[in-house]
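# only geometry, no sequence info:
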C-alpha cells in the first residue's frame, strides 16, 4: 500500500447501553452504564463496541469477540456479556445505524452553480448540489436532496423527501413519488428498445410515454428504467431495485418487489406484490407474475408465461422449484444409468448365450 | 401514494381520422370525420383514441375497448369501428407517434455554461445543453443535440443530426456518424480490458486505438463500447444496441445488428449484417458470426467459433437450434429412461431365475 | 456512411528498428535502419509498420502482411522480415504502445469551473477538469487526473497518480490508493442492497461503512462497488475489474484478481489472491474463494461455499472443472443411452418369447 494510509474516521457514539436499549425499545440484560462508542461487525469489534447477532451462530461468534454487548432476538442465560433483547435484532440494528450515521443529510441550500429553469416549482428545505440541472416545467417537492450533476428533464415531477445521488438522470415527463432514493448513474425514462424492420432498415418506434416511480422506491447505482411507448412504465410503491437492473418499456412492477443485480424485465411484463427477483434473472416480454412469486438466481422466463402466486421458480427455462430440482438431479443420475445399462447388457448377453447352448 | 398525484400531460392531437389516414397513406374504412385526440394502448383507450392492432388477437382486443378507430394491416368485414388499413400497421403507428410527440427536439442554442474549446468546429443549428464539455480538436456536425453534462473528448468527431442524451461520454479520438442517438450514461471509447501478467503483476496494455459508431446507430442507456488496442472498434451502420451492452476492444459489428440488454461481445469478435443478439448473450473473443445469424437469449458462444449464415443458435455452449432443443429435450427424458431401465432389470432378473430353475 | 468521413489521426513514430529494439531490450535480427512509423494490427499493417506476434500462427500471419518488422518471442530462422526478439512480446508491445500513445496525460491545471471545497487538500501537479466537484474534507494526492464531471464526496481520500475518467462518482468516506484508474460512469461507495422486511414493508439498512480501493487497481466503465454496512468493502492491490461488474457490500477481494464484464459478487464474499472471474460469473454471498481459483464464464456459485485453492470451477451451480465437464458430457450421451436401451428391450422381449416357447 506504499505510503498512502487508509484510515476510517472513528464514528463515536458515546451512549450508554441503557440509553441504546431505550432507543430500540429493547430489554436490557446486564450493565446499563457501559459506554458504547461504536456499532461494529463481529470481525471489527473492540471493547467499546455493540454488535448484532441475528441467530445462534452469530451469537456464539459475538461471544468470542471483545465486544461490550450484543443485540439479540432471544435472551441467552448465563451470558458473560450484556445483552439488549429485541423482537427483530436486524431492524433494531438498522435503527441504530441510522441514529449514528456520521454523514447526515446534506444541508438545505441551492448551490450557486445549479441551473434551474425559471418556471420550476421547488419545495422547501431542499439541497440542490453543484451543477444540478432542472429543466422547464419540473416540480420538486420539499426536503429533497439532488446531489451534484443530477439532471432533471422537462415536466418531471418529484414528491417530497426524494434523494437523488450524483449523476442521476430523469428524462422528460417522468414522475417520482415521495421518499424515493436513486443512486449514482441511474437513468429513469430513456427510450425503450423498439424498432420495426422495413425497407432494409430498423425504424425507431418513438416513445412518447413516461416512467413512474411510486413512493418509497429505492433504486441502486447504474440501473435503467425505460419509458413506455405509450402510457407509463410503473414501479410500484415500496419496491427495491439493486444496481444494474434493466426495466424495459411498459413494464408494471407491483408493490414491495425485490430485484437483485443484473436482473432484466422485458417489455410489458407485469408483476404482482412482494415478488422477489434474485440476481441475474431474465424475464421475457408479456409475462404475468402473480403475488409472492420467488424467482431464483439466473432464472430465465420465456415470453407470455404466467407464474403462479406464491410459487418458487428456478432454471432456464424457468420451472416450478420441484420440477427444476428434479431436472437438475436427473442429469446427475446419468453416470449411474450408464453403469446399470452396462450391467444389464452383460447379463442379457449371458442369457442369450445360455439359451443358444 | 400519499398526497402526491401522478398525472400525465394530455397529449391532444385533434386530427380527423381522414387526416390521419392521409398521413400514413392508409385506406380509410368508416367515418373520416371522427376527431381523434390521442394515440392509445389497448389498455388505456378512450372514446377519442386511435389504437393499433398488429394481429388478429390484438384486433379482437381493440374491438372490446372504447377506442374510436383501429389501425390494422387487414381490412376486417362488418367491423363496428372505423379502420385505417395499411400495409405495415406498426410502422404507420410509429410515424404517428413521431408526428404527435409532445416533446419535440430541443431548440438550437448554446447554453451559457457549456465549456467548448476554442478550436472546436461546431455545425449549424445545434443544441448544446448545460454543463456540456467539448474538448480541443473536436468536430460537431449540424443539427446535433448534446444534452446536459455530455462530455466530448479531444479530437472526437460527430456527424450531423446526432443526439446525445444527458451524461453521455465520448473518449478522445472516437468518431460518430450521422443520425446517431446515444442514451444517458453510455460510454464510447473507454480502454479495453487487457493486461499481461509478468513479474507478479498485471501490466496494462495501453489502448491507442479508437471506437467508430457509423450512421443511424442507436445506443441505449449505460452501455459501454470500448476502444481498440490498435485500430478501431466498429459499430456498423443502422445497428441498434439496447441498455447494458458491453462491446469489447476491436469488435467489428456489421450493419443492422440488434443487441439486447446484458449482451457482451468479447475482444476482436466480428459479426456480419442483420445479426440478432437476444438478451444476455455472451460471445467470447475472436468469434466470427456470419450474416443473419440469430442468437437466442442467454446463448454463450465459446472462443474462435464460426457461426454459420442464417442459423439460429441457442444454449450454453451455443449449438444450432435443432441440436440445442434436442439436448434440452434429452434431459427431460431421463425420468422415463430410469423407469424403462427398472422394468428391464426386473424382467432380466426373472429370466435369469427361470433359466436357473 | 454518407458524406461523413471517419479518419484516424496518423500516429507517427519515426523511430528506427534499432532504437525500438533498444527501448524494449530486445535482440534485433535484420536491418536496424528501417524507419518504423506505426505500431499496427496484422490486419492494418503497412510497409512502415511494426507488428507483434504472440505465437506461431500470428507469426505466419504477420509474414503475409506488408509489415516491415515483427516483435516475436522466438527467433525465426530464414525469416524474410526483420525481427525484434524479446522474452515477452506482448509486454514489449505494451511498452511501445505506451511510448507512442498520441494522447499523453492531461496538463496540470485546475479548470476554472471546478468546484472544490475550501478545506480540500490537493496535491501537486494535478489535472482537475471542467465541472469536477470535490466536497469538504477530501484529500487528493499528487499527479492525479480528475476529468470532466467527476464527483468526489465528503472525506474521500485519493492517493497519488490516480486517474478518474469523466463522470466517475466516489461517495463520502471512500478511500482510493495510488495509481488507481477508474473509467467513465463507475461508482464507488453506493449503498449496499440491504433491507429488513417488517410490518408490511422493506426497511432500509443504513450503510455507514465505506469502500476502499487499494493501489494499482483499475476499474472499467459503468462498474459499481458498494460500500459496506459497517467496516469496508475492499478491493485488493493490483486487482483489475472490467466494465459492468457489481461488487456488493462488505466484499473483500484479494490482490491481482481479474474480474470480467457482467460479473457480480454478492455480500461479504471473500477472494484470495490471483483469482480469475471470467465473464458473467455470479458469486453468492458469504462465499470463500481461495488463492488462484479460476471461475469459468457464466459460473454460478451458491451461498457459503468454499472454493479450493488453484481449482478451476465451471457451470451453474459451480463444480470443479472435471465434474462440470463430465456433467456436460453426460447429457450428450442421452441419445446413445436411449438407443442402447431400445436394443436391450428388443433382446429381452425375444428372450422372453423363446423361454415361453
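That came in fine, so what should we check first? Fair warning: this is a prediction, and the values are worked out from it, not measured in the lab.
# Contacts for the longest helix anywhere in chain A next, please.
Counting by DSSP state H, the longest helix found in chain A is helix A:334-356. Helix A:334-356 has contacts (C-beta atoms under 8 Å, 6 or more residues apart in numbering or on different chains) with B:334, B:337-338, B:341, B:344-345, B:348, B:351-352, B:355, C:326, C:330-331, C:333-334, C:337, C:340-341, C:344, C:347-348, C:351, C:354-355. C-beta coordinates here come from the backbone N, C-alpha and C atoms, glycine included.
# could you check the angle helix B:334-356 makes with that helix?
With axes from the mean of the first three to the mean of the last three C-alpha atoms, to 10 degrees applied, the angle from helix A:334-356 to helix B:334-356 works out at 30 degrees.
# how far does helix A:334-356 sit from the chain's center?
55 Å (C-alpha atoms, centre = their mean, to the nearest Å).
# Could you give the average pLDDT over that helix?
Helix A:334-356 shows a mean pLDDT of 86.
# Please apply the same query to stretch A:191-208.
The predicted model gives stretch A:191-208 an average pLDDT of 95.
# Which positions within the longest helix of chain A qualify as buried?
A:334, A:337, A:340, A:341, A:344, A:345, A:347, A:348, A:351 (16 or more other C-beta atoms under 10 Å in any protein chain shown).
# Can you classify residue A:94 by secondary structure?
Classification of residue A:94 by DSSP: H, G, I helix; E, B strand; the rest coil places it in helix.
# Kindly provide the distance from the closest residue to it other than its chain neighbours to residue A:141.
Of all residues not flanking residue A:94 in the chain, residue C:205 sits nearest, at 4.7 Å (C-beta to C-beta, 6 or more residues apart in numbering or on different chains). To residue A:141, residue C:205 is 25 Å away according to C-beta to C-beta, to the nearest Å.
# Now do the helices in chain A.
A:17-23, A:56-63, A:89-100, A:321-332, A:334-356.
# Enumerate every residue touching the closest residue to residue A:65 other than its chain neighbours.
Distances taken as C-beta to C-beta, 6+ apart put residue A:45 closest to residue A:65, at 4.0 Å, once the chain neighbours are dropped. Taking C-beta under 8 Å, 6+ apart, we find residue A:45 in contact with A:51, A:62, A:65, A:66, A:67.
# same thing but at 10 Å, please
A:38, A:39, A:51, A:61, A:62, A:64, A:65, A:66, A:67, A:68, A:70 (C-beta atoms under 10 Å, 6 or more residues apart in numbering or on different chains).
# Including pLDDT, could the residues you listed go into TSV?
As requested, the contacts of residue A:45 are exported to TSV (pLDDT from 0 to 100):
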residue	pLDDT
A:38	87
A:39	89
A:51	91
A:61	91
A:62	91
A:64	92
A:65	93
A:66	93
A:67	93
A:68	93
A:70	94
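# just the buried members of those?
A:38, A:39, A:51, A:62, A:65, A:67, A:68, A:70.
# returning to what we had before: out of the helices of chain A, which is closest to residue C:278?
For the helices of chain A, proximity to residue C:278 was assessed by C-beta to C-beta; helix A:321-332 is nearest, at 22.2 Å.
# What are the buried residues along that closest one?
Neighbour-count burial for helix A:321-332 [16+ other C-beta under 10 Å]: A:324, A:327, A:328, A:330, A:331.
# Mind giving me the packing neighbours of it?
strand A:312-314, strand A:319-320, helix B:321-332, helix B:334-356, helix C:321-332 (3 or more C-beta pairs under 10 Å, 6 or more residues apart in numbering or on different chains; DSSP states H and E).
# Can you check which of those gets nearest to residue B:117?
Of all the helices and strands packed on helix A:321-332, helix B:321-332 comes closest under C-beta to C-beta, at 51.9 Å.
# Appreciated, that's everything.
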